[in-house]
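1. Show me the folded form of this:
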Amino acid sequence: LYLFTFIISFFLFTRNIFIMIFSLANYRVHKKRLKQLKFKDKGLDEDEIKELVDKLTKPVIKTVLPKIKIKNKIEIEKDLKMAEWDEKITVQQFIALKIITRVLGVIFLLLFCKASKFLAFLWGGVLFLSVDFLLKNSANNRRDRLMMQFPDFIRITQGYLSAGMPFVKAVEESIKFVGQDWQPILQRFVVEAELSDINTALNGIREEVDVFEVKEFLSLVNLTLEQGGDAKEGFEAQAEKVQQMLYDVMLAKIQKRKIIGIFVQFPLLLCNLAVFGLPTLDAMLNLNAM
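-> Below you'll find the predicted structure:
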């Protein structure tokens, strides 16, 4: 009996040892294969982008910009901050890049105009407007994302406020449930509210988020707090209004896309009418000739 028990125990022990060894070997092979399959990221990081932009724009900043008066500096700063380009590029560098691309666009237009006027005007226009378009597009896309994620922030924060949680604590608890674009903004709000006060923190969000609906909502909440009201009352009073504003924004986008669709489809409609009308026109001409 003892011998039989010893043999079974030894068999199970050796079996576990071999399973562990082979599993470890398989894990090492798997890890080695994963390491071999990893590719180096050849993309530019933020420091390389800053260095590249600095090298490109430095001559223009030194020679050209002192002779130019910058009119819309505040608007450019807002767009750079909204597009999250402000850490990579300054206002002066942006204007210098815009000058460089516009000069390249004009040169391209003059060089290739004889070969193909259409392509020359097309790519010349693309180079001429590329920097402005990219900045506006990035800023508008982030504004749209912030506006789309804004009702979630109101709903989640309102739920915590209804449970009797203080305003700053409710915002802090809602950070992990809101959209990715709102998370760093609310984190800065919590830090600013703890270091100074709620009004200063709300003003910081209004300066950072260049969206009219968000600014209006935060202004009304701030006004409610200044008048001695509760943040819960301010959120509840404005929640329906924000939902209506979001509905209006979506409706305006739908109408805009309808108009764009009409303009895109109109040339195609003319072509279809011409194609279907050509046999009739040809028959009418033949009748006249007979």
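2. switch to C-alpha atoms for all contacts and neighbour counts from now on
-> Fine.
3. For the stretch 1-150 of the chain, which segments count as strands?
-> With DSSP state E, counting those that start in this stretch, there are no strands along the stretch 1-150 of the chain.
4. Show me the shaky parts of it.
-> Along the stretch 1-150 of the chain, the parts satisfying pLDDT under 70 run over 1-6, 9-10, 12-46.
5. Which parts of it are helices?
-> 2-37, 46-63, 73-82, 91-112, 117-162 (DSSP state H, counting those that start in this stretch).
6. Can you tell me which of these is nearest to G229?
-> G229 lies closest to helix 117-162 among the helices of the stretch 1-150 of the chain, at 13.3 Å (Cα to Cα).
7. Could you give the separation of the closest one from the chain centroid?
-> Chain-centre distance of helix 117-162: 6 Å, with Cα atoms, centre = their mean, to the nearest Å.
8. Now do that helix: which elements does it pack against?
-> For helix 117-162, the elements it packs on are helix 73-82, helix 91-112, helix 167-174, helix 212-226, helix 231-289, judged by 3 or more Cα pairs under 8 Å, 6 or more residues apart in numbering; DSSP states H and E.
9. rewinding a little: which among the helices of the stretch 1-150 of the chain is found nearest to Q183?
-> helix 117-162 (9.7 Å).
10. State the distance from G164 to T63.
-> G164 sits at a distance of 60 Å from T63 (criterion: Cα to Cα, to the nearest Å).
11. Does D54 touch Q93 like I think?
-> Yes. Judged on Cα atoms under 8 Å, D54 makes contact with Q93 at a distance of 7.3 Å.
12. Now find how far off-centre stretch 170-179 is within its chain.
-> So, by Cα atoms, centre = their mean, the centroid of stretch 170-179 is 20 Å from its chain's centroid.
13. residues in contact with it?
-> Residues outside stretch 170-179 that contact it (Cα atoms under 8 Å, 6 or more residues apart in numbering) are Q149, D152, F153, I156, T157, Y160, L161, W182, Q183, L186, Q187, V190.
14. how about 7 Å then?
-> Applying Cα atoms under 7 Å, 6 or more residues apart in numbering, the external contacts of stretch 170-179 come out as Q149, D152, F153, I156, T157, Y160, L161, Q183, L186, V190.
15. Now do the same contact list for the first one.
-> By Cα under 7 Å, 6+ apart, Q149 lies in contact with G179.
16. The same query, at a cut-off of 8 Å, please.
-> V178, G179, W182.
17. again, but for K232
-> Taking Cα under 8 Å, 6+ apart as the test, what K232 contacts is Q158, L161, S162, F167.
18. nearest to A252, of the residues you listed?
-> Nearest to A252 among the contacts of K232, with distances taken as Cα to Cα, is Q158, at 27.3 Å.
19. That closest one and Q180, how far apart?
-> For Q158 relative to Q180 (Cα to Cα), the value is 19 Å.
20. and if you look at E173?
-> In terms of Cα to Cα, E173 sits 14 Å off from Q180.
21. Just give me the neighbour total for P66.
-> P66 sits with 10 neighbouring residues when counted by other Cα atoms under 10 Å.
22. so what's it up against?
-> With Cα under 8 Å, 6+ apart, P66 has no contacts at all.
23. can you check S162 too?
-> K232.
24. which residues does the residue lying closest to F112 once chain neighbours are set aside contact?
-> Counting by Cα to Cα, 6 or more residues apart in numbering, F112 lies nearest to A120, which is 5.3 Å off, once chain neighbours are set aside. Residues near A120 by Cα under 8 Å, 6+ apart: F108, L109, L110, L111, F112, C113.
25. what does stretch 104-115 rub up against?
-> With contact meaning Cα under 8 Å, 6+ apart, stretch 104-115 is reached by L119, A120, F121, W123, G124, G125, V126, L127, F128.
26. What distance do you get for the last one to L110?
-> Spelled out, it's F128. F128 is 13 Å from L110, by Cα to Cα.
27. Looking at the two, which is more packed in?
-> Neighbours per residue (other Cα under 10 Å) separate F128 from L110, with F128 holding more: 23 against 14.
28. hang on, the more buried one packs against L97?
-> No. Taking contacts as Cα under 8 Å, F128 lies outside contact range of L97: 10.6 Å.
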